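J.: Sequence first, then the predicted structure:
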2 protein chains.
Amino acid sequence: MPPEPFFAGPGLDRADSLRADPDKIRGLAARDDARELVWEGGLPAIGSSGKLQWRPASGPALFLGIDRAGTPSFCGLQADVAGGPAVFSLLGSLDAEDAPLFATALSLARWHSRHRFCANCGASTEIVRGGWSRRCHACSAEHFPRVDPVVIMLAEHDGKLLLGRQYHYPPRRYSALAGFLEVGETIEAAVARELREEAGIEVTDVTYVASQPWPFPSSLMVGCTARALSGELKVDHGELEDARWFTREQVASALTDAPSGAFQAPPPHAIARTLLEHWLAS
Amino acid sequence: MPPEPFFAGPGLDRADSLRADPDKIRGLAARDDARELVWEGGLPAIGSSGKLQWRPASGPALFLGIDRAGTPSFCGLQADVAGGPAVFSLLGSLDAEDAPLFATALSLARWHSRHRFCANCGASTEIVRGGWSRRCHACSAEHFPRVDPVVIMLAEHDGKLLLGRQYHYPPRRYSALAGFLEVGETIEAAVARELREEAGIEVTDVTYVASQPWPFPSSLMVGCTARALSGELKVDHGELEDARWFTREQVASALTDAPSGAFQAPPPHAIARTLLEHWLAS
C-alpha cells in the first residue's frame, strides 16, 4: 500500500455525470438540505473541531459533489483566494477527512478567480458544467481547471538521502527537491532532469511512491525516489541555498521534531515528510 | 524497471537555466548552427527516416533546448496545430528517440496558439522565458504551459482484465479506461473514481506502472493497475459503448494483432498497449 499524504482521500462523490445538466445542478442547489462552504480570510473556514463549516446554499456556483448522507455541496465564487506559506500553519488544525474537500474547493475557487477571460481570444467566459469548466461567449472555446503536476523526489546514494534548502525556508529546514513537470516529459524524465539541474547528479531507478493534491494553487505532487549514480553534488545556487546528503540517523532524528534533530523536517501536511517517513520505514 | 511507453525518453537538454535571460536566448538563436523544426500540415515534419526535420533558426521564438552535439534547437510559432486521431497514423513512422521532442514541440506550439490572451484580465500577453511562459502586458500575470494529468488504468478481477470501448473507436478496438485527474485528487483517488463512474466497480491496490506525455494537446498519461472487489459491471453508456472482462488468453491473442484476435488492441504508441504488455508479462 502506498503511504497516504495529507489531502489524500476520497472526498465527496463528485457526481460528475450531473454536471452536464444545468437544470439538475440548479435543482440540487434549490434543495432544502443543499449547503455551501463558509469562507474566511480567503480560505474555506476551519471550525474549532477541524471540520469545514457550511451554511445553506445561496446558488449553484461551483458544485463540489454529494456527501455520504446525500447532501448536495457547493462553493460560492470568491474574489480573493489566499494561498502559499501563510496558509500552511492553519493546516495543522484541518481534519484529515475534510482535507481533500478543502483542497478541491480552494483550487477550484482560485482557478475561477484568475480565469474569467478566454486565453484563446480575450473575451469573457461563463461558468458551465457546475463550475468544472468555463466557456467563451465569443469563440466558444472551453477551458478546464488546471492541475499542474510537480515531481518531488528523494535521491539516495550510499545509504544517504539528498535534501535541499530553498532560500525562503525557515531556519534549518531541509526537504525533498521538486519542480514542475513540463510538456513532453514522463514523470521519470522530469525527476531525472530536476536532480540534474538542481544538484548535478544523474539518477536511475526512479520509483513512484505516492501523490498528493497541493492546492497552492493547484499542483499534483508526484512523490518518487531515485538512485544517484554518484555522491558528488553541483548545487544550482540560483534555485537552492544548499543541498547535501543526510544519513539515516540524521533523518530519523529530524523526524522526531526535537530541536536537537539534525535538521528541521518538512511539516506533516507536506508529501516530502511522507516520503521521508516512507524511506525510513523501508 | 517501469516499461517505456512511446514518447518517453530524455529528449533534448532543456537548459532551463538559460530561459530567464532573453539575451542568452537571442544569442543562441543567432548562432550559425542554431536550428528550428520544420512543420508540415500543422505538425513537426517527419522525414522518410522517421527523424524530425530541421532548418536554420529564423528567430528565438520557442527554445526547445540543446542537443548532444551542443546545437541550440528552436521551434517557430504556429498558427494552426493539428492534433487528435487524424495524427495517430503518422506516429508509426516517427523515430522513438525523436518522439519526446515531437511531443514537446507539438504541445508547446499548440499552447501558444491557443493562449495568446491573459485568462486573468483578457489583455494580450507576450512570450517570455524562451517560450516557456507568457506574461500579461496589463496585469503582469504570468501563465505557464498546461500539462493535464490523465489517469489510465487496467482493473483486474479473477485473473481477467477490464477494457472498454469508446464510441469513436475503430471496430473491435478495446482499451484501458481513462479520465482527467481533477483538482483535489490523488492519482489513486482519480483511478478509483473513474472506474466507479464508468464501470460501476470499486477497486483497491491502485499501483502506478508508467507515465507518458501525450501531446493531443498536452496530457500526462499516468498508467496504473488496480484490483476490482467484484466482477459485476455497471457501464456508463454516456461515456462508453461497452466495457467487459477479458481473459489472459484473449489479451494475448489481441496483442498479436492478428485479425483473429479476441479484440483489436490499442496501437503501439498508446500507453494502454504498454500497460497490456506489462500485465501479460507479469
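T.: Cool, the structure landed.

J.: So what's the residue count around the residue in the stretch 151-282 of chain A that chain B sits nearest to?
T.: Nearest residue of the stretch 151-282 of chain A to chain B, counting by Cβ to the nearest Cβ: A:Gly184, 2.8 Å away. All C-beta spots, glycine's among them, are computed from the backbone N, C-alpha and C. A:Gly184: 31 surrounding residues under other Cβ atoms under 10 Å in any protein chain shown.

J.: would it count as being in a strand?
T.: No - counting by DSSP: H, G, I helix; E, B strand; the rest coil, A:Gly184 falls outside a strand, being coil.

J.: what's near enough to touch the nearest residue to it once chain neighbours are set aside?
T.: Nearest residue to A:Gly184, sequence neighbours excluded (Cβ to Cβ, 6 or more residues apart in numbering or on different chains): B:Thr104, at 2.8 Å. By Cβ atoms under 8 Å, 6 or more residues apart in numbering or on different chains, the contact list for B:Thr104 reads A:182-185, B:11-12, B:64, B:213, B:215.

J.: again, only using 7 Å
T.: Going by Cβ atoms under 7 Å, 6 or more residues apart in numbering or on different chains, B:Thr104 touches A:183-184, B:11, B:64.

J.: The residue of the stretch 151-282 of chain A closest to chain B against B:Pro100, yeah?
T.: Yes - with contacts counted by Cβ atoms under 7 Å, A:Gly184 reaches B:Pro100, the gap being 5.3 Å.

J.: so what's A:Gln78 closest to, chain neighbours aside?
T.: A:Ala109 (4.4 Å).

J.: show me what contacts the closest residue to A:Phe263 other than its chain neighbours?
T.: What sits nearest to A:Phe263 in space, not counting adjacent residues and going by Cβ to Cβ, 6+ apart, is A:Tyr174, at 4.4 Å. A:Tyr174 makes contact with A:163-165, A:263, according to Cβ under 7 Å, 6+ apart.

J.: Looking at these, which two lie furthest apart in space?
T.: Maximum pairwise distance among the contacts of A:Tyr174 (Cβ to Cβ): 10.8 Å, between A:Gly164 and A:Phe263.

J.: What is the neighbour count of A:Asp23?
T.: 8.

J.: can you pull the alpha-carbon coordinates of the helix or strand hosting it into PDB?
T.: Using DSSP states H and E, A:Asp23 maps to helix A:22-29. C-alpha atoms of helix A:22-29 as PDB (Å, rounded to 0.1, in the frame of the first residue of the first chain):
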ATOM      1  CA  PRO A  22     -27.700  22.900 -15.700                       C
ATOM      2  CA  ASP A  23     -31.300  22.100 -14.600                       C
ATOM      3  CA  LYS A  24     -30.100  19.200 -12.400                       C
ATOM      4  CA  ILE A  25     -27.400  21.400 -10.800                       C
ATOM      5  CA  ARG A  26     -29.900  24.200 -10.100                       C
ATOM      6  CA  GLY A  27     -32.400  21.600  -8.700                       C
ATOM      7  CA  LEU A  28     -29.700  20.300  -6.300                       C
ATOM      8  CA  ALA A  29     -28.800  23.900  -5.200                       C
END
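
J.: Just name whatever secondary elements the following helix or strand past it is in contact with.
T.: Downstream of helix A:22-29, the first helix or strand assigned by DSSP H and E is strand A:35-37. Contacting strand A:35-37 under the criterion 3 or more Cβ pairs under 7 Å, 6 or more residues apart in numbering or on different chains; DSSP states H and E are the following elements: strand A:54-56, strand A:72-75.

J.: Now do the buried residues in the helix or strand just after the last one.
T.: Taking DSSP H and E as the definition, the helix or strand that follows strand A:72-75 towards the C-terminus is helix A:85-91. Of the residues in helix A:85-91, those buried by neighbour count under the rule 16 or more other Cβ atoms under 10 Å in any protein chain shown are A:Leu91.

J.: I'd like the distance from helix A:85-91 to the chain centre, please.
T.: Its chain's average C-alpha position is 13 Å from that of helix A:85-91, according to Cα atoms, centre = their mean, to the nearest Å.

J.: quick one: is that helix near chain B?
T.: No - figure legend: helix A:85-91 not in contact with chain B (Cβ under 7 Å from any Cβ of the partner chain); closest approach 14.3 Å.

J.: List of residues touching that helix?
T.: Taking Cβ under 7 Å, 6+ apart as the rule, helix A:85-91 contacts A:43, A:46, A:216, A:267, A:269.

J.: hmm, 6 Å instead?
T.: For helix A:85-91, the surrounding residues in contact (Cβ atoms under 6 Å, 6 or more residues apart in numbering or on different chains) are A:His269.

J.: could I get it in CSV with only the CA atoms?
T.: Below are the C-alpha coordinates for helix A:85-91, written out as CSV (Å, rounded to 0.1, in the frame of the first residue of the first chain):
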residue,chain,number,x,y,z
PRO,A,85,3.1,29.7,3.0
ALA,A,86,0.9,32.0,5.0
VAL,A,87,-1.8,29.3,5.0
PHE,A,88,0.4,26.3,5.9
SER,A,89,0.2,27.0,9.6
LEU,A,90,-3.6,26.6,9.5
LEU,A,91,-3.4,23.1,8.0
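
J.: any weak-confidence spans in chain A?
T.: Chain A contains residues with pLDDT under 70 at A:1-2.

J.: interface residues of it facing chain B?
T.: Within chain A, the positions near chain B by Cβ under 6 Å from any Cβ of the partner chain are A:8, A:100, A:103-104, A:107-108, A:114-115, A:117, A:119-120, A:122, A:145, A:147, A:149, A:181, A:183-187, A:208, A:211, A:213, A:218, A:220.

J.: Now find how far off-centre stretch A:225-240 is within its chain.
T.: The answer for stretch A:225-240 is 24 Å, by Cα atoms, centre = their mean.

J.: again with stretch A:77-94
T.: Distance of stretch A:77-94 from its chain centroid, counting by Cα atoms, centre = their mean, is 12 Å.

J.: now do stretch A:11-27
T.: Counting by Cα atoms, centre = their mean, stretch A:11-27 is centred 24 Å from the centre of its parent chain.

J.: next one: stretch A:43-59
T.: 20 Å.

J.: send the alpha carbons of that stretch over as CSV?
T.: Taking Å, rounded to 0.1, in the frame of the first residue of the first chain, the C-alpha atoms of stretch A:43-59 are listed here in CSV:
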residue,chain,number,x,y,z
LEU,A,43,-10.0,30.2,2.6
PRO,A,44,-12.7,27.6,3.4
ALA,A,45,-13.3,28.3,7.1
ILE,A,46,-12.0,25.6,9.5
GLY,A,47,-14.0,25.2,12.7
SER,A,48,-12.7,24.6,16.2
SER,A,49,-13.3,20.9,15.6
GLY,A,50,-11.1,21.0,12.5
LYS,A,51,-14.1,20.4,10.2
LEU,A,52,-15.1,22.6,7.3
GLN,A,53,-18.0,25.0,8.0
TRP,A,54,-21.2,25.0,6.0
ARG,A,55,-24.3,27.2,5.5
PRO,A,56,-27.4,26.9,3.3
ALA,A,57,-26.6,27.1,-0.4
SER,A,58,-27.1,30.5,-1.9
GLY,A,59,-26.9,29.3,-5.5
